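Colleague: next input, structure requested:
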Amino acid sequence: MTATREAASETSSILIVDDMEENLVALEAVLGSLAHVVRAQSGEEALKAMLRQEFAVVLIDVMMPGMNGFETAANIKGLDQTKDIPIILLTGAAVDPNYAYRGYTVGAADFLIKPFDPWLLRTKVNVFLDLHRKNRQLTDQAEQLKRLLPADGGHPGISTAAPDPARASTEPSYGTDHTDPPDSAEPPAPPAPPEEPDRLAEVVGQLAQAEILLRNAPSPGRADLADRIVELEQAVGRLMAARET
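Modeller: Residues are numbered from 1 along each chain as shown. You can find the predicted model right below:
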């Protein structure tokens, strides 16, 4: 679990988008200690960066020449590769009061007015970073479950293949007529030891933690993902119960 968290932390990045160099410097100074920060000075540059690598959250200044912040956010939400990345829009104080509403309609997760409290910004960004790491952990755990669960849906170690009638008719039967097997017969191989239940219990605990975080996250649509996590927890619980019987 620790190794997974460290790997996720290394790949969590923040994209900051602003046409003013001094604003980018200030944002990087505030957020640089949380994760790797990537700069973009236009909406077009931001879209190119997002297609090259994965980001946990994007901060976009609204008032940019060319493609403004609203248009950039709309384009991000219009691409399958980037539509799930949370967006925080930033703008100055002397703006149209409807900007916030417009920002939410294009899919922004939050809207902050400058000058903002650096610690408030760090707290908001850190929520999305933590959620990104939890999502990556959930993906890793889903891969682990795929390896633990057999492809045919049966229980691990139990064959669901139908017996071969031809083979059954030609093989000698031992034990029904008190006939001993030939001396040359090899003893049956010992059954494979069952998987350690401790690993499954750990997976259940990690899924429960991810569920709590998703239900408390402000981003829309996380409740559905949390429900799917509950279903995974129940499936793992049934698997553990089957192994104990």
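Colleague: for the protein, which helix is longest?
Modeller: helix 118-148 (DSSP state H).
Colleague: helix or strand: which one has residue 83?
Modeller: Per DSSP states H and E, residue 83 falls between elements, in no helix or strand.
Colleague: give me the number of residues near it?
Modeller: 10 (other CB atoms under 10 Å). (Glycine included, C-beta is placed from N, CA and C.)
Colleague: next, the contact list for it, please.
Modeller: Listed by CB atoms under 8 Å, 6 or more residues apart in numbering, the contact set of residue 83 reads 76-77, 107.
Colleague: right, and residue 53 touches residue 13 too?
Modeller: Yes. Between residue 53 and residue 13 a contact is recorded at 6.6 Å, counting by CB atoms under 8 Å.
Colleague: what is in contact with these two at once?
Modeller: residue 38.
Colleague: these two: which is more packed in?
Modeller: Higher neighbour count among residue 53 and residue 13: residue 13, with 18 against 11, using other CB under 10 Å.
Colleague: show the backbone phi and psi for the residue nearest to that one when sequence neighbours are not counted.
Modeller: Once flanking residues are discounted, residue 13 sits nearest to residue 36: 4.5 Å by CB to CB, 6 or more residues apart in numbering. Here the main-chain torsion angles of residue 36 (degrees, to the nearest 10) amount to phi -70, psi 130.
Colleague: please shift the residue numbers so they start at 705 in all later answers.
Modeller: Sure, I'll start numbering at 705, so the last one becomes residue 740.
Colleague: circling back to that earlier point, are any of the contacts of residue 787 buried, and if so which?
Modeller: 780, 811 (16 or more other CB atoms under 10 Å).
Colleague: let me see the ranges of the helices in the protein.
Modeller: Going by DSSP H, the chain shows helices at 706-715, 725-735, 747-756, 773-781, 803-809, 822-852, 869-874, 901-920, 926-948.
Colleague: where does the prediction get shaky in this structure?
Modeller: By pLDDT under 70, the weakly predicted segments of the chain are 705-715, 797-799, 854-908, 910-911, 913-915, 917-932, 944, 946-949.
Colleague: now the closest residue to residue 723 other than its chain neighbours: how far from residue 822?
Modeller: Computed as CB to CB, 6+ apart, the closest residue to residue 723 that is not its neighbour in sequence is residue 768, at 4.6 Å. Separation of residue 768 from residue 822 (CB to CB, to the nearest Å) stands at 22 Å.
Colleague: hang on, residue 771 packs against residue 778?
Modeller: No. If you go by CB under 8 Å, residue 771 and residue 778 don't touch, sitting 9.6 Å apart.
Colleague: re earlier: what about the residue nearest to residue 723, neighbour count?
Modeller: Per other CB under 10 Å, the neighbour tally for residue 768 reads 21.
Colleague: isn't it right up against residue 722?
Modeller: Yes. The pair residue 768 / residue 722 is scored as a contact, 7.1 Å apart, by CB under 8 Å.
Colleague: in a markdown table, list the contacts of residue 787 along with distance to residue 805.
Modeller: Putting those into a markdown table (distance: CB to CB, whole Å) gives the following:
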| residue | distance to residue 805 |
| --- | --- |
| 780 | 18 |
| 781 | 16 |
| 811 | 13 |
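Colleague: between the contacts of residue 787, which sits nearest residue 749?
Modeller: Taking CB to CB as the measure, residue 749 lies nearest residue 780 of the contacts of residue 787, at 12.7 Å.
Colleague: quick one: residues contacting the closest one.
Modeller: So residue 780 contacts 750-751, 754, 762, 786-787, 789, 791, 811 (CB under 8 Å, 6+ apart).
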